[in-house]
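J.: Quick check, what structure comes out for this input:
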Amino acid sequence: MKKNIHPLDLAFRLAEAQGIVLLNGGGFEAPEWSMRVSLANLPDEAYDDIGRGVRTIARGYRDTYEASKTAPRK
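T.: Below you'll find the predicted structure:
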């Protein structure tokens, strides 16, 4: 994944598909492949929504990878 996808892609896909805006962790001296979630000012149930959104996007990456393994090569 790291060879084919930019670390910010997750943040952009999450915002576009789920309407959830997170920051890339690299801007906060965290690993580039991490996301930063604010723990202030959100109701508790919002974090469940964030988790579900991240899992949905991650499953999309996994599904694309799995499909590429079985697709005939040209």
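
J.: Please make it C-alpha for all contacts and neighbour counts, starting now.
T.: Noted.

J.: Show residues contacting the one helix or strand A15 maps to.
T.: Assigned by DSSP states H and E, A15 belongs to helix 9-18. Outside helix 9-18, the residues that touch it by C-alpha atoms under 8 Å, 6 or more residues apart in numbering are I20, V21, L22, L23, N24, M35, G53, V54, I57.

J.: separation between the most centrally placed residue in the chain and Y61?
T.: By C-alpha atoms, centre = their mean, the mean C-alpha position of the chain lies nearest to L10, the distance being 3.4 Å. Using C-alpha to C-alpha, to the nearest Å, one gets 9 Å for the distance from L10 to Y61.

J.: Dump the contacts of helix 9-18 to a markdown table, plus neighbour count and pLDDT.
T.: Shown next, in a markdown table, are the contacts of helix 9-18 (neighbours: other C-alpha atoms under 10 Å; pLDDT from 0 to 100):
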| residue | neighbour count | pLDDT |
| --- | --- | --- |
| I20 | 16 | 91 |
| V21 | 16 | 91 |
| L22 | 19 | 91 |
| L23 | 16 | 88 |
| N24 | 22 | 87 |
| M35 | 21 | 89 |
| G53 | 19 | 94 |
| V54 | 20 | 92 |
| I57 | 17 | 92 |
